[in-house]
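[1] 3D, please:
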Amino acid sequence: IGAALLALFEIATLEGWPDMMFTAMDTKNQIQTPQKRNAMAASALFFVIFVIIGSFFVMNIFVGVVVHKFQVAKEKTKGNSIFLTEKQRAFIDHLKVVLDTGRPKCLKVPDDTNKWRCYI
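    Reported below is the predicted structural model:
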């Protein structure tokens, strides 16, 4: 059973599955040795269906669940990063306020010529 599960895992990860498929196609049954190449072409159908369902479909479901969990976690933190602690979030908020208030908005050039020379 362990070897069978390992073979299914190898097929699902798409690593070396064509070699396993060709070996399975060459065998007739458990007792006989391979006598003819591609004796059971119908076994290739199992491998192709398993690759389509096992790899693509299941992997897409897995990725979808992971993305959904991250979205739920981000909603719980009200749009903030889920990797920051409360203390780090407070520091970033204070830093944003300090940097926003310390910036000069817009400087006006004086109209009078004497004041303009002092401005430069």
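[2] low-confidence ranges in the chain?
    For the chain, the stretches flagged by pLDDT under 70 are 28-40, 79, 102-120.
[3] For stretch 15-24, which residues meet the burial criterion?
    17, 21 (16 or more other CB atoms under 10 Å). Using the backbone N, CA and C atoms, a C-beta is placed for each residue, glycine as well.
[4] and the end-to-end length of stretch 74-87?
    17 Å (CA to CA, to the nearest Å).
[5] same thing with stretch 46-54?
    Chord length of stretch 46-54, first to last residue, is 11 Å (CA to CA).
[6] Residues contacting that stretch, please?
    Stretch 46-54 is contacted by residues 8, 11-12, 14, 17, 20-21, 24 when judged by CB atoms under 8 Å, 6 or more residues apart in numbering.
[7] Can I get the residues you listed in TSV including distance to Ala90 and secondary structure?
    Below are the contacts of stretch 46-54 laid out as TSV (distance: CB to CB, whole Å; DSSP: H, G, I helix; E, B strand; the rest coil):
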residue	distance to Ala90	secondary structure
Leu8	50	helix
Ile11	50	helix
Ala12	45	helix
Leu14	46	coil
Trp17	52	helix
Met20	55	helix
Met21	57	helix
Ala24	60	helix
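[8] Determine the longest helix present in the protein.
    helix 58-76 (DSSP state H).
[9] can you list contacts of the following helix or strand past that helix?
    Downstream of helix 58-76, the first helix or strand assigned by DSSP states H and E is helix 86-101. Helix 86-101 is contacted by residues 80-81, 84 when judged by CB under 8 Å, 6+ apart.
[10] Narrow the residues you listed to just the buried residues.
    Neighbour counting with 16+ other CB under 10 Å marks none of the contacts of helix 86-101 as buried.
[11] got these as TSV, with distance to Ala4 columns?
    Shown next, in TSV, are these (distance: CB to CB, whole Å):
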residue	distance to Ala4
Asn80	47
Ser81	44
Leu84	46
